[in-house]
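I'll drop the sequence and a predicted model, then ask my questions.
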Amino acid sequence: MNSFLRNSAQDILKRHETLQDIVIVLPNRRAGLFFRQHLGSLIQTPIWMPEVKTIEDVFFQLSGQRPADDLTLIFELYKVYQNLNPEAESFDQFYFWGEMILKDFNDVDQFLANAEKLYLHLSEIKELESDLSFLSESQIELIKQFWNAFQRQDRKHQEKFLRFWQVLSPLYKNFQAALDVSGLAYAGKIYRKVAMELEGLPAPTKKHVFVGFNAFTATEEKLIKHFIAEFAAEIYWDIDAYYLEDKNQEAGMFFREYQKDKIFGPTFPEIIPNHIEARQAIIKTYATPLKSNQANLVGAILEKVDPQENWEETVVILPDEQLLFPVLHVLPDTINKVNVTMGYPIRNAPVYAFLEAVLEMQRFVKMEGENVLFYHQQIKNLLSTIYLKAAAPAFAMKLLQQIQEQNMIHVPLSLLKEGGRLYELVFQKVQSANLFSYLAGLIQALAEQLEEEPLQRSYLFQCFKQLNRVREVLEKQDIQRLDMEFMVRLFRQIFREVKLPFEGEPLQGLQLMGVLESRNLDFRRVIICNMNEDSFPPSGGLNSMIPFNIRRAFGLPVQEQNDAIYAYTFYRLLHSAEEVHMIYATASDQGKSGEKSRYIQQMQIEMGLEQKDEVVFVPIDLKATGEISIEKTAEVLALLDMYKIWDNGAALTSFSPSAINVFIDCRLKFYLKYLAGLEEKEEVKEEVDAAVFGNIAHYSMEFLYEGFIQRKNRMVLESDDFEDLKANWVYPAIEKGVRKFYKLEEDKDSKLNGQIAIVRDVLHRYILRLLEIDQAAAPLQILSMEKGHKAIFEVDAAYGTFKVGLKGFIDRVDQQNGSIRLIDYKSGADKKDFAKVEDLFDSNIKKRNKAAMQTLFYGLLYQSMHPENTLPLKPALFNFKEVFQEDFNPYLQEKESRKPAKEVHDYKDYQVVFERQLGDKLAELFDPSVPFDQTEDLDKCKNCPYKEICGR
């Protein structure tokens, strides 16, 4: 296999008798490692190896200085910025801009731009125009283009830009001075210093050989030219005629410029290699619908490789590091060694998500006196993590259930500490000054818990290292504002770039690497994932404060240069490749298009590749969900048997009016809810909706009247009794109702959120109104409150007659004016009128009156439990939304179109028809030939909790 590094090592060995007097300079350490390996394989006798460095090593050694870390530099930059801008924003708000400004300063120095002229205030345009000697005509034209475009902006934007731009020149100048005093530097400053002092540089003791470079910064170019011209340094170009001689190929852009240079030009080989065209590799492209499915495809390609081959000659290029673990999981068993040459972002690890959730929790800590309270959402997130679940699984599950049942908006610290040591460490109120020791203690505790999981411990170790580094930097800084918001933002900004480095033997096994890590390395088989536009090459755009035209005019890198670097990196992979597999996803993902990379398009045209992209389908059905119909098999019918009355007169369960209503609306929903047992997802409700309000109202009315009965030892309420009830007993009843709904013990603090306080006041008004209505109807006798009623009902089905159980809780049963009223409290907008009883069971009627069906159902239950009753049974709906109306009437109304409404005075007048309709509906429910299928009325699906199952 052709190898640039091997060929270069062979040529150097041939041309130099001794290697100990040579310094080999390469673009990165990875290339240096492979260079040493090739050189070692070529040497037959003992010999001193040459010194192998990277280009940055050369600069740092010549300057005698190494760059400080970015966080320290941004702090230094912020101090200078504060001195220039008395109204400077806080450090955490400046951090993002600081990163960008520091990068710009680095570019300015790396490319030897004149910072004073570059950052010149635009109001001093005349001064700049008078001294343009250092710029070419094309550069001057670019700057004028920017000024013309800038002058067309509105005044507000102009002034805003000018104010900020005006700061940058003194900021650059003062920052340099501050760094000189502190002895700190960034890479660009070091490079510039070395480049500007080359004339006084003494001749090196060793000959320098530069190998495999593509795009130089201005400082690198100046240094290498100086070494070639003054110290007879050599340079080896890693090039191919395919893109060098074609002027349309962006991959050869830099090389074509270097060929014209009087110093670089003579160093190019007389005969330019033509590996790409001569080799004519087998090239295949694959399109797959989902990004994640690319990993499976990589595994399938590698499975076809002969296990006896050298895996070192196969590389998988991953432009997107998120694919690393999916690819590792699908590698064939025949691959026993893998070298990963890329970092995996900590932000994608579960440990980071846990630490971020802990910090988010600290932002919402609440104090009530001495009690520490945590917001429920963060607590639920943390209790759902593997770390807290593993520490106390039963406690975590019980607490999540308790939060749900009691609708705990805020969870007390005392409750959380019951989980054990890890819970005590996690759940505490932390001051921002103690945040680092808090997180460090958490990380150490997690590391002890995860002793058997080396990968997780590696994540924790990287987090711990980064944490200590940030702590050391912060301790040296004088920051006035160090609150929790600042610390959380700083944590996110700094940790987002931390990566987990992988350890391994880089010269053995299958190679997995990022795009830029592949420079100068040659492989026989190349597999590239994410060959999508905006991924390889990455999306355009440089984060910079310096406008594009000005960057270009002053020789700073723009997107065109970035594109050329990535194009070269891509075509370079083809130098030695005999087999190339390129995979792209057709679906858009995270803002990136599903379009295949321009490199694939270019190759297919330039190389005349006639084969089409192979489309790899995901092995799942992506079609729209078909209709669901559950046939009544023997197993399903067995489930229905739990509703049947046994010989002992009991049933496992009974039909409620809600269950009957669900079956009428949608048979499938009945099956899912009552037979399959799929419970609706419950959430902690911060807003008190109609259901919560209604439940608390039910409980409050129950406690109000039951309390009266206990105190007075009588069940009849006279008109005079209501004044005392309204004045003294409504609030205590509501308090008890709240406690019952949220499952709070009597002696437990019932302080909830502000909305509950408002609900108490609103509910007080409603109950006072209900008492006024009852007072007007007095005297009345309370027969029962919130009592369960049952009935045995005979069903005449197709395969015989059997009995089923019916049940229901009647909110209130009272006797008034010679009638027994069956009262149902409603918090919604339920109507009281219906045309005829048959309509209550007709699923085709859009606005079927479910509430009327329910209250008539209560008549069946009551009469069944009290067959001796001869008084009229009067169904009633106390609809909260109507009680304040002057003509409020709680009774059901039978109203056919164009006929006057007829009040329902007695259930028994409708009993025969109602029970016949109910019997028919239950017979249908038990009929083996009628499946549990979906409703055809899609309006009923809008708020159905099972609509995702149905795909509606």
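Good, I have the coordinates. Numbers count the residues shown, from 1 in each chain.

all contacts plus neighbour counts: C-alpha atoms, from now on.
Fine.

Could you count how many residues lie near E606?
Using other Cα atoms under 10 Å, E606 has 10 other residues around it.

hmm, I was thinking of L355
Counted with other Cα under 10 Å, the neighbours of L355 add up to 18.

who's in contact with it?
Neighbouring residues of L355 by Cα atoms under 8 Å, 6 or more residues apart in numbering: L439.

run the last query once more with 10 Å
For L355, the contact set (Cα atoms under 10 Å, 6 or more residues apart in numbering) comprises 361, 382, 426, 439, 442-443, 463, 491.

is it possible to export these to CSV including secondary structure?
Converted to CSV, the contacts of L355 look like this (DSSP: H, G, I helix; E, B strand; the rest coil):
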residue, secondary structure
M361, helix
L382, helix
V426, helix
L439, helix
L442, helix
I443, helix
C463, helix
F491, helix
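
Out of those residues, which comes closest to Q10?
C463 (43.3 Å; Cα to Cα).

Quick check: that closest one touching F495?
Yes. Using Cα atoms under 10 Å, C463 makes contact with F495 at a distance of 7.8 Å.

if I look at those two, which residues touch both of them?
346, 352.

quick one: which of those two has more around it?
Legend: neighbour count by other Cα under 10 Å for C463 and F495, higher for C463 (23 against 19).

residues in contact with that one?
Counting by Cα under 10 Å, 6+ apart, the residues that C463 touches are 346, 351-352, 355, 439-440, 443, 457, 469, 495, 498-500.

Just the buried subset of these, written out for ChimeraX, thanks.
Buried subset of the contacts of C463, written as a ChimeraX selection, criterion 16 or more other Cα atoms under 10 Å:
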select :346,351,352,355,439,440,443,457,495,498,499,500
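
so V372 sits in a strand?
Yes. Judged by three-state DSSP, V372 forms part of a strand.

Bridged to it, which residues?
Beta-bridge partners of V372, counted by DSSP bridges, are M367.

Which stretches in the stretch 351-500 of the chain count as strands?
366-368, 371-375, 410-412, 499-500 (DSSP state E, counting those that start in this stretch).

how about those in TSV, adding distance to V692 and mean pLDDT?
Converted to TSV, the strands of the stretch 351-500 of the chain look like this (distance: least, Cα to Cα, whole Å; pLDDT from 0 to 100):
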stretch	distance to V692	mean pLDDT
strand 366-368	24	85
strand 371-375	20	89
strand 410-412	18	88
strand 499-500	47	78
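
what about the ones you listed, which gets the closest to Y568?
Of the strands of the stretch 351-500 of the chain, nearest to Y568 by Cα to Cα is strand 499-500, at 25.7 Å.

counting contacts, what elements does the closest one pack onto?
If you count contacts as 3 or more Cα pairs under 10 Å, 6 or more residues apart in numbering; DSSP states H and E, strand 499-500 packs onto strand 344-345, helix 454-475.

how does it look with 6 Å?
Judged by 3 or more Cα pairs under 6 Å, 6 or more residues apart in numbering; DSSP states H and E, strand 499-500 is in contact with strand 344-345.

quick one: low-confidence ranges for the stretch 751-900 of the chain?
Within the stretch 751-900 of the chain, the ranges that satisfy pLDDT under 70 run 751-755.

try 90
Applying pLDDT under 90 to the stretch 751-900 of the chain picks out residues 751-763, 797-800, 826-831, 846-847, 880-887, 895-900.

Over to the closest residue to A587 other than its chain neighbours. Which of the three states is it?
Distances taken as Cα to Cα, 6 or more residues apart in numbering put G594 closest to A587, at 4.7 Å, once the chain neighbours are dropped. Under three-state DSSP, G594 falls in the coil class.

show me what contacts G594?
Contacts for G594 were tallied using Cα atoms under 6 Å, 6 or more residues apart in numbering; they are 585-588.

That one and N532, how far apart?
Look at G594 and N532: by Cα to Cα, to the nearest Å, they are 7 Å apart.
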